[in-house]
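S.K.: I'd like to go over a predicted model; first the sequence, then the structure.
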Amino acid sequence: MSPAEYELVRKKVIILFGVAGAGKTTIGQLLAEDLGWQFYDGDDFHPPANVEKMKQGIPLTDEDRAPWLDALRLLVLTLAQRGEPAIVTSSALKRAYREHILGDTENASFVYLRGDYELIRERLEDRRMHFMKPDLLDSQFQALEEPEDSLVVDIRQNPKAIVSYIKESLRLS
């Protein structure tokens, strides 16, 4: 790897996004481990009130999401400014959310983990010990604004293939 390529990779923050059950955490952890980067799960940045609402099956409003989006924005901007490569996950369903998280940094990019409703529903129903309930999936798909300017990844592939595709597409290998 040339010094210029190393510099590009060194300052990169990749934000994996998609609806609940798209595999953000699984793919994010695998990708971060493969690259030797830090991993940050966006769910860990939700205020306790948001987690409680989701546990009760209550969809979050834009107002509910505001402090969470602010926390993710601060994380991404801090990582980018420090030149710390990292994988961050977030549902980031709306374009405005993604723009807010990104702020003015040019050292971060989004990767959209796309899956159809049936596959995602099946995954959520199989998932245990998570606050996000399958009943909230409808609200996630209703809020989702698919990106026009992000790498899009089909989640029907196995996780290792997805990681390889992301690395190849973003020239991280």
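M.R.: On my side now, so go ahead.
S.K.: ok, which stretches of the protein are helices?
M.R.: Counting by DSSP state H, the chain has helices at residues 3-10, 24-35, 48-55, 62-82, 95-102, 117-126, 137-143, 159-169.
S.K.: give me the helices and strands touching the shortest one, please.
M.R.: By that I understand helix 137-143. helix 117-126 (3 or more Cβ pairs under 8 Å, 6 or more residues apart in numbering; DSSP states H and E). Yep, even glycine has a C-beta here, placed from its N, CA and C like the rest.
S.K.: just to revisit the earlier point, among the helices of the chain, which is nearest Val111?
M.R.: Checking the helices of the chain against Val111 by Cβ to Cβ gives helix 159-169 as the closest, at 5.8 Å.
S.K.: and that closest one, how far out from the chain's middle?
M.R.: Relative to the centre of its chain, helix 159-169 is centred 15 Å away, using Cα atoms, centre = their mean, to the nearest Å.
S.K.: quick check: mean pLDDT of it?
M.R.: Taken as a whole, helix 159-169 carries a mean pLDDT of 95.
S.K.: tilt between that helix and helix 24-35?
M.R.: Per axes from the mean of the first three to the mean of the last three Cα atoms, to 10 degrees, the angle that helix 159-169 makes with helix 24-35 is 60 degrees.
S.K.: tell me what helix 159-169 is packed against?
M.R.: helix 24-35, strand 151-154.
S.K.: so, low pLDDT: which residues of this protein?
M.R.: Across the chain, the ranges flagged by pLDDT under 70 are 1-11, 126-135, 173.
S.K.: ok, now with 50
M.R.: Applying pLDDT under 50 to the chain flags residues 1-11.
S.K.: sorry, back to before: pick the most deeply packed of the helices and strands packed on helix 159-169.
M.R.: Of all the helices and strands packed on helix 159-169, helix 24-35 carries the top mean neighbour count, a mean of 19, counting by mean count of other Cβ atoms under 10 Å.
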